[in-house]
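[1] Sequence and predicted structure, then a few things I'm wondering about:
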Amino acid sequence: LEFRRVLFRSILGIVRATVDFHWRHNAPDGAIGVLLRAADASYPEQKRAFVFEAARKCTTAKQYPRARELLAQLTKDQPFQAEYLAAVADTYSQAGDDSGLRDFYTATLTALKDAKLPVDERIALTATMRRSLIPALVRLKDFTGALDQYIEVLNRFPEDAALARETAGFAARNNLKPRLLDYYTKTAATSPRDFHWPLVLARLQTQFEDFPAAITASAAALAIRPDRADVLESRAGLEERLLRFQEVLGDYQKLYELSYHDPKWMQKTAETNARLGKTQEAIAALRKAFIEGRPEKGENYTKVAEQLIKWNLTEEALPFAQQAKEKSTGNDWVYLTLLLQLRRYDQAVTQLLAVEEDSNNGALLHAMGETVARYYTPEEKTAFAAALDKQAPAQRRRLRYLAASAGIPDLYARWLNQAMLAESSEPSPSF
């Protein structure tokens, strides 16, 4: 047995070397002939491999009818083997025979309807065939037929949002939007208990930028499946684009419940209320998102304060920043910079000097200085410099970097000069 294995490997190596020799020397008939003779002397599995390789070389050599004859031998026993079907399609594509390619795919799709294959495999193979048929139909200018293939694939995979977008894009480019929408409008009407069709219709309308119609279709899908958070989120996004903020608030509340109180949706609720000018409702939503039902940590109050600052609600953010400072040591940044934004610089400087000096002070002073540089007018900078200059000489050492970062170079230079003069006037140590 071992001798036979060694002998077979040796013979296979000879076949491989002979085929490669003919192919390298532009003698495709010689290479194909060697493969077919080797196939006749091989066991079934190896025979199929040799015949398939011969067919592929026929295609490369532009011997398309011969390639199809060889592939027909293979598809006779395995008519739906994906590799063989792709090879047959390639013979038509390489030959530029789109009509033949269309007929091949059509015949294969007809045969697949009665094929004894597992359901999932048949659906996947059918979808592959239909998608492969679309380019051929486009080249034949049969755009309606291509759209019909898109519809058939989409019917099999109605949850595929990317496929719905692709189908809508194809219909829009080829003036087939009414045909596509009419089909799914009728399908949704004839299947009132299947949420897939209004869902597909909503995605198509979104792609066509008919947002009111997309919202209506989404509502129909949600009436059947109110638990679909993805559909609800999509509808909320469309309502927000149309400035329907009251409807958006209702959707965010439902999403908050469906997502087991994900704070993201309460945060979105707060943002919408802020856009509507409902400051107290926005603050209440932020408290619900980050504070209520959670440990009393300073970082939770910091999140609320930072969110309010983003919306320019600095006065409302100050109490949360102060609580964050009180509930966790070292959490001074937001509070101190916020005091500066509110022009309460005397209080900010006093609080800063109360902070224990450590390695983080430099970054804190820089952040405070940037706040002054960004938000203060020249007049306000002058007043801020006067407030700093009132501090005792011993405190100015800590405030020098703040003056430099705040864009007050005159004060910084004067302080630095005073410090140098003070050091030079000190008596030298006696030896």
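    The structure has been received and is ready for your questions.
[2] which residue packs closest to residue 166, ignoring adjacent ones?
    Once flanking residues are discounted, residue 166 sits nearest to residue 150: 7.5 Å by C-beta to C-beta, 6 or more residues apart in numbering. Just so you know, the C-beta spots here come from the backbone N, C-alpha and C atoms, and that holds for glycine as well.
[3] Same check on residue 418?
    residue 393 (7.4 Å).
[4] Can you tell me which residue is spatially central in this protein?
    residue 162 (11.8 Å; C-alpha atoms, centre = their mean).
[5] Could you list the low-pLDDT ranges of the protein?
    1-10, 330, 357-360, 425-431 (pLDDT under 70).
[6] quick one on the thing from earlier: pull out the buried positions in the host helix or strand of the residue nearest to residue 166.
    Element membership for residue 150 (DSSP states H and E) is helix 143-156. Within helix 143-156, the residues that qualify as buried are 143, 145, 146, 147, 148, 149, 150, 151, 153, 154, counting by 16 or more other C-beta atoms under 10 Å.
[7] Quick check: the gap between the fourth one and residue 75.
    The gap separating residue 147 from residue 75 is 29 Å, by C-beta to C-beta, to the nearest Å.
[8] neighbours of the residue nearest to residue 418, just the number please.
    Using other C-beta atoms under 10 Å, residue 393 has 10 other residues around it.
[9] still on that earlier bit, so who does the residue nearest to residue 166 touch?
    134, 166, 167, 170, 171 (C-beta atoms under 8 Å, 6 or more residues apart in numbering).
[10] Same question for residue 408.
    Here residue 408 is in contact with 372, 381, 384, 385, 388 (C-beta under 8 Å, 6+ apart).
[11] How much space separates it from residue 379?
    13 Å.
[12] Same question for residue 20.
    86 Å.
[13] out of the two, which sits in the more crowded spot?
    residue 20 (12 against 8).
[14] Which residue, neighbours along the chain excluded, lies closest to the more buried one?
    Per C-beta to C-beta, 6+ apart, closest to residue 20 is residue 31, 7.8 Å.
[15] host element of the one you found?
    Going by DSSP H and E, residue 31 is part of helix 28-40.
[16] Can you name every helix or strand that that helix contacts?
    helix 2-24, helix 44-60 (3 or more C-beta pairs under 8 Å, 6 or more residues apart in numbering; DSSP states H and E).
[17] any idea of the angle that helix forms with helix 44-60?
    Our comparison of helix 28-40 with helix 44-60, counting by axes from the mean of the first three to the mean of the last three C-alpha atoms, to 10 degrees, yields an angle of 170 degrees.
[18] Residues contacting helix 28-40, please?
    15, 18-20, 22-23, 46-47, 50-51, 53-54, 57-58, 60-61, 63, 66.
[19] Which among the residues you listed count as buried?
    For these, buried by 16+ other C-beta under 10 Å: 15, 18-19, 22-23, 47, 50-51, 53-54, 57-58, 61, 63, 66.
[20] For residue 320, give me its contacts.
    Per C-beta under 8 Å, 6+ apart, neighbours of residue 320: 301, 302, 304, 305, 308.
[21] gap between the residue nearest to residue 20 and residue 77?
    From residue 31 to residue 77 the distance is 24 Å (C-beta to C-beta).
[22] Show me which of the two is the more surrounded one.
    residue 31 (23 against 10).
[23] distance of that one from residue 17?
    11 Å.
[24] count of neighbours near residue 392?
    7.
[25] To clarify, my last question referred to residue 333.
    If we define neighbours as other C-beta under 10 Å, then residue 333 has 17 of them.
[26] Please apply the same query to residue 340.
    The burial count for residue 340: 25, using other C-beta under 10 Å.
[27] what helix or strand does the nearest residue to it once chain neighbours are set aside sit in?
    Nearest residue to residue 340 in three dimensions, chain neighbours excluded: residue 371, at 4.6 Å (C-beta to C-beta, 6+ apart). Assigned by DSSP H and E, residue 371 belongs to helix 361-375.
[28] so how far is that helix from its chain's centroid?
    Distance, stretch centre to chain centre, for helix 361-375: 35 Å (C-alpha atoms, centre = their mean, to the nearest Å).
[29] so how far is residue 216 from residue 338?
    Residue 338 is 45 Å from residue 216, by C-beta to C-beta.
[30] So which of those two has more stuff around it?
    Remark: of residue 338 and residue 216, residue 338 carries more neighbours, 23 against 15, as counted by other C-beta under 10 Å.
[31] Does that one touch residue 316 like I think?
    No. Checked against C-beta atoms under 8 Å, the pair residue 338 and residue 316 is beyond contact range at 10.6 Å.
[32] and residue 49, how many neighbours does it have?
    Quick note: residue 49 (other C-beta under 10 Å) scores 14 neighbours.
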